[in-house]
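>>> heads up, no residue letters with this:
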């Protein structure tokens, strides 16, 4: 943990003081990027699933 000069030394910093933002502020500011990551992840998982189904039919004896 980095020491920040404006924080009191006798008590632990809150997450907002330490990081400069809350979890919800991060989500609010970066929602388009997070949505894009979820879409890409969904496409990847769907492609992997369909590839496995296609190969399962092809190599079944």
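Thanks, I have it. Since the structure is predicted, the reported quantities are computational estimates derived from the model, not experimental observations.
>>> Count residues in the vicinity of residue 43, would you?
10 (other C-beta atoms under 10 Å). Using the backbone N, CA and C atoms, a C-beta is placed for each residue, glycine as well.
>>> Roughly how far does it sit from residue 18?
36 Å (C-beta to C-beta, to the nearest Å).
>>> can you check residue 41 too?
For residue 41 relative to residue 18 (C-beta to C-beta), the value is 29 Å.
>>> Next, residue 13: secondary structure please.
What DSSP: H, G, I helix; E, B strand; the rest coil gives for residue 13 is coil.
>>> State the pLDDT value of it.
On pLDDT, residue 13 comes in at 74.
>>> now the one 4 residues further on
According to the prediction, residue 17 has pLDDT 73.
>>> and the host helix or strand of residue 39, how far out from the chain's middle?
In the assignment (DSSP states H and E), residue 39 maps to helix 23-58. In terms of C-alpha atoms, centre = their mean, to the nearest Å, the centre of helix 23-58 is found 11 Å from the chain centre.
>>> now residue 60, what's its secondary structure?
Residue 60 - assigned by three-state DSSP - is coil.
>>> quick one: residue 43 and residue 52, what's the gap?
15 Å.
>>> Good, we can wrap up now.
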